[in-house]
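Undergrad: Fold the following and give me the result.
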Amino acid sequence: MLKVSKNWRKNVNKSVFKKISKLLFLFTLIVFVQQMDGRYLATAGEDGKIKVFEESKKARFLKHKGVFSILFSTHDPNKLFSVGSESIKIWNLVKPRGKEFEKEIYGRFCALSLSPFDKNLIAFGSKTEVKVWDLSKSECIKTFKHPSRVLSVLFSPHKPNILVSFSLKLGTRRDVGGIRVWDLSKEDEKKSRVMTLPCPAKFPNSLMFSPRNPNMLFVLVSKSIEIWDLSNMRQRKPIKSLYVGYGNSGLFSFSCDGKTIAVISGKTIKIWDVSDKDPEKWKEVRTLEGHKQNVTSVMFHPENPKRLYSGSGDLFSKYGEIKVWDLSKDEGKCIKTKRSHRGGVVSIAISLQKKLALEKPEKHREEKKYTDVKIITVE
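TA: This next block holds a predicted model:
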């Protein structure tokens, strides 16, 4: 009988194990990247690093101190924006490894939004101000002031020159905090503010426009999502409130067809069906479970409404997790899990397969309203 020594591993060349481990790592990486359905999948972590996955290539790392949010440009799928504690960085992923950095804007930022109509236009919240920046000129072209700290900024995906910002509510004063809608086409700052909506919560979280209705704004506050109709200038209350429960971290995501919402709730993700025209018929359809730590980020694929990505972890976690979900079936299924970032994942971004050019809609002379946006894909 052949006897095998207990220390047989010491007798084998270590280089063989290294090669096998590398092959296994590349195999798991390729399987994970195949679930992306996009050119790039990027994640930002508590460790101050941005991890970029690309098909058939080894993942690359970008460093940004205090990074908490990342976004891909809809005009150029190779351009990545990251927001950190001291600056906003712009990366060009076409460039070779180690040379991706392109531009940096210094300051204390809390939010960032990219204009879907102008590739050189971005808006960010800095303390009590909302600033609109022209990247081609490298200068600030508009500044709007809030009476309290700005928490969120969002360009309208349907109407050019429309910007929405959200500030912290302080005390019981009605003029402090809330949602403000700005028109960038007007030069005077007072005239630029076309609407102010009150916010009942002291700690509002995030804003998002409905992909199906250009006038419907969704605001996540405390335990519910409030829906506001921006076509009604005199409204003082939301038209609908969806109770999403305890434990949400202030993040939610719309599917690209506008029929589904994913809301973070502790270690789970709640899926809501909002396909019906009547908001009273909107309902929670399923709960996605599987994360071991609290979910910190969630995002639908920009072109596939049945594919969802989520990240979890915190400062006390050894590693964070990224999960890919398939929502084509009723129960929802996790099709891939990937360990990423020491401490946890704070943000996820997915680029488009092709460039997405938004054509500015023409104005109607009589009603002075914008028609639907035309979407053109460019190779």
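Undergrad: Arg97 versus Trp66, what's the distance?
TA: Careful, residue 66 is Gly and not Trp. Remark: distance between Gly66 and Arg97 (C-beta to C-beta, to the nearest Å) = 23 Å. Using the backbone N, CA and C atoms, a C-beta is placed for each residue, glycine as well.
Undergrad: One more: Cys140?
TA: 32 Å.
Undergrad: same thing with Pro238?
TA: Applying C-beta to C-beta, the value for Pro238 to Arg97 is 47 Å.
Undergrad: Out of these two, name the residue with the larger neighbour count.
TA: Set Pro238 next to Arg97 and count neighbours by other C-beta atoms under 10 Å: Pro238 wins out with 21 against 12.
Undergrad: For that one, give me the pLDDT.
TA: You'll see Pro238 listed with a pLDDT of 86.
Undergrad: 114 is where my numbering starts, stick with that
TA: Sure, I'll start numbering at 114, so the last one becomes Pro351.
Undergrad: isn't it right up against Ser337?
TA: No - applying C-beta atoms under 8 Å as the test, Pro351 and Ser337 come out as separate, 9.1 Å apart.
Undergrad: now could you export just the CA positions of stretch 452-462 as PDB?
TA: What follows is stretch 452-462 as a C-alpha-only set of coordinates in PDB (Å, rounded to 0.1, in the frame of the first residue of the first chain):
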ATOM      1  CA  ARG A 452     -16.200  39.400  -1.600                       C
ATOM      2  CA  SER A 453     -14.900  42.900  -2.000                       C
ATOM      3  CA  HIS A 454     -13.300  45.700   0.000                       C
ATOM      4  CA  ARG A 455     -12.000  45.600   3.600                       C
ATOM      5  CA  GLY A 456     -14.700  47.100   5.800                       C
ATOM      6  CA  GLY A 457     -17.600  47.100   3.400                       C
ATOM      7  CA  VAL A 458     -19.000  48.400   0.100                       C
ATOM      8  CA  VAL A 459     -20.400  52.000   0.200                       C
ATOM      9  CA  SER A 460     -21.300  52.500  -3.500                       C
ATOM     10  CA  ILE A 461     -21.900  50.600  -6.700                       C
ATOM     11  CA  ALA A 462     -21.800  51.900 -10.300                       C
END
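Undergrad: Asp439 reaches Lys449, doesn't it?
TA: No - applying C-beta under 8 Å, one finds Asp439 not in contact with Lys449, separated by 9.3 Å.
Undergrad: Look up phi and psi at Pro392.
TA: phi -60, psi -20 (degrees, to the nearest 10).
Undergrad: Repeat that for the one 10 residues further on.
TA: Phi and psi for Glu402, reported as degrees, to the nearest 10, are phi -120, psi 150.
Undergrad: residue contacts, it?
TA: Lys380, Thr381 (C-beta atoms under 8 Å, 6 or more residues apart in numbering).
Undergrad: if I pick the closest residue to Asp342 other than its chain neighbours, what's in contact with it?
TA: In space, and not counting its chain neighbours, Asp342 is closest to Ile352: 5.2 Å by C-beta to C-beta, 6 or more residues apart in numbering. Ile352 makes contacts with Ile340, Trp341, Asp342, Pro392, as judged by C-beta under 8 Å, 6+ apart.
Undergrad: same check, this time on Lys202
TA: Leu175, His177, Phe194, Ser195, Phe214, Lys216, Glu217.
Undergrad: Touching, the fifth one and Ser195? I think so.
TA: Okay, so that is Phe214. No - under the criterion of C-beta under 8 Å, Phe214 makes no contact with Ser195, lying 10.3 Å away.
Undergrad: all helices of the stretch 164-313 of the chain, in order?
TA: 302-305 (DSSP state H, counting those that start in this stretch).
Undergrad: show me where pLDDT drops low in the stretch 364-492 of the chain?
TA: Applying pLDDT under 70 to the stretch 364-492 of the chain flags the ranges 428-430, 466-492.
Undergrad: Now do the contacts for Glu302.
TA: Glu302 makes contact with Thr256, Phe257, Lys258 under the criterion C-beta under 8 Å, 6+ apart.
Undergrad: Write down the beta-bridge partners of the first one, one by one.
TA: It stands for Thr256. On the basis of DSSP bridges, Thr256 is bridged to Lys244.
Undergrad: Would you mind confirming that it makes contact with Lys244?
TA: Yes - contact criterion C-beta under 8 Å: Thr256 and Lys244 qualify, at 5.3 Å.
Undergrad: ok, those two, which is more surrounded?
TA: Set side by side, Thr256 and Lys244 show more neighbours around Lys244, with 19 against 11, by other C-beta under 10 Å.
Undergrad: Tell me, what's the model's pLDDT at that one?
TA: Lys244 carries a pLDDT score of 91 in this model.
Undergrad: Check the one 10 residues further on too.
TA: Looking at Ile254, its pLDDT stands at 90.
Undergrad: contacting residues around the closest residue to it other than its chain neighbours?
TA: Spatial nearest neighbour of Ile254, chain neighbours left out: Asp247 (5.0 Å); criterion: C-beta to C-beta, 6+ apart. Contact analysis of Asp247 by C-beta under 8 Å, 6+ apart lists Asn233, Leu234, Cys253, Ile254.
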